[in-house]
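Visitor: sequence plus predicted model, see below.
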Amino acid sequence: MQLDGSRTDGNGDGNGRGDNGAADVQAAWTRVKRRLRAELGEDVFASWFARLELEDVVGGIARLSVPTRFLKSWIESHYIDRVLTTFKSELDDVVRLDVSVRGPSSSPRPAAAAAKPAAPTGAVVHYPASRPSASAPGVAAGAPSDAGAAARSATGDASGGDLSSAPLDPRLTFASFVVGRSNALAHAAGERVSRHDGEGALYNPLYVHAGVGLGKTHLLHGIGHAAREAGRRVIYLTADRFMYGFVNALKTQNALAFKERLRAIDLLILDDVQFIQGKSIQAEFGHTLNALIDAGKQVVVASDRPPTELEALDERVRSRLAGGLVVEIGTLDEGLRASILQARLAAVRVTHPGFDVAPAVAAYVAKAITANGRDLEGAVNRLLAHSTLTGAPVTVETAEAAIRDLVKNREPKRIKIEDIQKLVASRYNVSRSDILSERRTAAVVKPRQIAMYLSKVLTLRSLPEIGRRFGGRDHTTVLHAVRKIEKLIGDDPVLGDEVELLKRMLQD
Ligand code: ADP
Ligand code: MG
């Protein structure tokens, strides 16, 4: 037939169906990006997703690529569940995402044309749909997965079901939370709040802040468990999940149901609130906070910084957050580390009765690992692996070898200016020689200034020395760059996050 003939002509022999499939995939991807843009806002989208491309979808695996390692790392740590969920709801046979770094020369190709995708230059990491959320690494197997729950709600639940609580890790209870000087106040406040019966809120909100691995999430889950046992209606959310739920509710015109649902609870627990971003979302967060607190409902919030330093939130929201009880969990002292370690060891012994760690070994580990509870947990896992693999008892010597890299983390790493230049260049898709050059185009000036700023804050080099290492510039140029970036970071939370992540990448 004439018509059929002319159609297959364009597509080549026998693969018309496949091309249509690819075109569908491409169309789905376009919708995914459009939704991400709508949900996350123009700023966030432009920063993280504008250069995210779909290579292909094969066997349920959507292969995505970005131009830099930095973007890969950021998307993986912050948005992978969201991208997967969104993709799944557009194309339900997508079960997993692979994000890779595409080579500098390979321009992104549309999925429809991707007969054989460009070889990725970076490691490919697999994200099964059941991957627990990054902020709750300990979520027990069998608990409903974040992605799963989100995917269910993404299909549109007329009852406002977007707001399902994230699962509470059964291991993170008050019973397993070791109390010491640095966390006693936070713990006491948490206990009081979990027993609070709604008769005039006590400390509302309770705002807990601390560095990474110091037990915020553990405490929050503990509060959640205790309150549920006491018959309270509890919703535990990470900031991401809150944003997701709200944005989704808006999209399905369920915002009212979302709010009603929030207001029907007794206790809202919000983890990692520093990630709340976006104008409409933070406004909604502010309303939610006010409504709950005014109704005498308890709110508990955790963050990596005090409320005053939540730059992404507006002043009123910050002061509302600061208006209850603000407690900091300090660094773990050696006694507390020893107790946490003992508790972890005891927990592991339930499943591995043969696992025996002599007191001298435990004492060594508690002394050596100073950074945080997460590293202590890591150390226990190392020792366990050692003991199961060799069958030999763990000695101080073997422990030393097993946890060496965790111990090293303790001493601030010596960071080289050259490494800073390389990393910043790769993040901004320029070359290191561009950074050292005289060029003054915006595309080069900003990364150059960021690299100078990082050199100042991460190394002990003087301004003149830094100037020399940046193609022989004057120290006043470096000073100008440092001040400029300091100011920009203060004004622009997206840039602030970016610089913070660069710092972290350089430090570990
Ligand atoms: P954060 O949320 O502050 O980054 P987490 O709550 O995830 O930290 O804690 C990291 C690890 O350290 C977890 O395994 C947690 O159980 C453990 N941990 C931290 N503080 C304590 C504590 N006081 N008692 C028992 N375990 C703790
Ligand atoms: Mg946490």
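Guide: All right, it came through fine. Ligands and ions are numbered 1, 2, ... in the order given.
Visitor: what about L270, which SS state?
Guide: Using DSSP: H, G, I helix; E, B strand; the rest coil, the structure places L270 in strand.
Visitor: same check on V212?
Guide: coil.
Visitor: next, it: phi, psi?
Guide: Dihedral angles of V212 (phi, psi; degrees, to the nearest 10) stand at phi -70, psi 140.
Visitor: which residues are in contact with it?
Guide: Listed by CB atoms under 8 Å, 6 or more residues apart in numbering, the contact set of V212 reads 304, 372, 374. From N, CA and C alone the C-beta is placed, and that goes for glycine too.
Visitor: grab the nearest non-local neighbour of the residue of the stretch 301-450 of the chain found nearest ligand 2.
Guide: Closest approach between the stretch 301-450 of the chain and ligand 2, counting by CB to the ion: A302, at 6.7 Å. The shortest distance from A302 to any non-neighbouring residue, by CB to CB, 6 or more residues apart in numbering, is to K216 (4.0 Å).
Visitor: I figured the one you found hits A210, correct?
Guide: Yes. The pair K216 / A210 is scored as a contact, 5.4 Å apart, by CB atoms under 8 Å.
Visitor: near ligand 1, which residues of the protein?
Guide: 172, 176-178, 183, 210, 212-218, 340, 343, 373-374, 377 (CB under 6 Å from any ligand atom).
Visitor: what is in contact with K216 and A210 at once?
Guide: Common contacts of K216 and A210, defined by CB under 8 Å, 6+ apart, comprise 302, 329.
Visitor: not counting sequence-adjacent ones, nearest residue to whichever residue of the chain sits closest to ligand 2?
Guide: At 3.2 Å from ligand 2, T217 is the closest residue in the chain, using CB to the ion. Once flanking residues are discounted, T217 sits nearest to D271: 5.8 Å by CB to CB, 6+ apart.
Visitor: for that neighbour, the count of nearby residues, please.
Guide: As a burial measure, D271 scores 28 neighbours (other CB atoms under 10 Å).
Visitor: who does it bridge with?
Guide: Beta-bridge pairing for D271 (DSSP bridges): T238.
Visitor: pretty sure it contacts F242?
Guide: No. Using CB under 8 Å, D271 is not in contact with F242; the gap is 9.4 Å.
Visitor: now do the residue of the chain closest to ligand 2 against A184, distance only.
Guide: Look at T217 and A184: by CB to CB, to the nearest Å, they are 18 Å apart.
Visitor: which one's more surrounded, the two?
Guide: T217 (24 against 14).
Visitor: just the buried positions in the helix or strand containing the more buried one, please.
Guide: Applying DSSP states H and E as the criterion places T217 in helix 216-229. Across helix 216-229, burial judged by 16 or more other CB atoms under 10 Å covers 216-228.
Visitor: any chance of the residues you listed in TSV with distance to A392 and pLDDT as columns?
Guide: TSV is the format used below for the buried residues of helix 216-229 (distance: CB to CB, whole Å; pLDDT from 0 to 100):
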residue	distance to A392	pLDDT
K216	37	96
T217	34	95
H218	32	96
L219	37	98
L220	39	98
H221	35	97
G222	36	97
I223	41	97
G224	40	97
H225	38	97
A226	41	97
A227	45	95
R228	43	94
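Visitor: farthest-apart pair in these, please.
Guide: Pairwise distances across those peak at 18.8 Å for K216 and R228 (criterion: CB to CB).
Visitor: residue ranges with poor pLDDT in the protein?
Guide: Residues of the chain that meet the criterion pLDDT under 70 lie in 1-20, 43, 70, 103-163, 197-202, 408-413, 508.
Visitor: can you give the domain ranges for it?
Guide: Following automatic domain parsing, one gets these domains for the chain: 18-110, 148-328, 334-406, 417-507.
Visitor: is there a quick PyMOL command that grabs whichever of the residues of the chain next to ligand 1 are buried?
Guide: Entered in PyMOL, the line below selects the buried ones among the residues of the chain next to ligand 1, by 16+ other CB under 10 Å:
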select buried, resi 172+176+177+178+183+210+213+214+215+216+217+218+340+343+373+374+377
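Visitor: show me what contacts whatever residue of the chain ends up closest to ligand 1?
Guide: Ranked by CB to the nearest ligand atom, the top residue of the chain for proximity to ligand 1 is G373, at 2.2 Å. When contacts are counted by CB under 8 Å, 6+ apart, G373 is found next to 213-215, 218, 332, 340.
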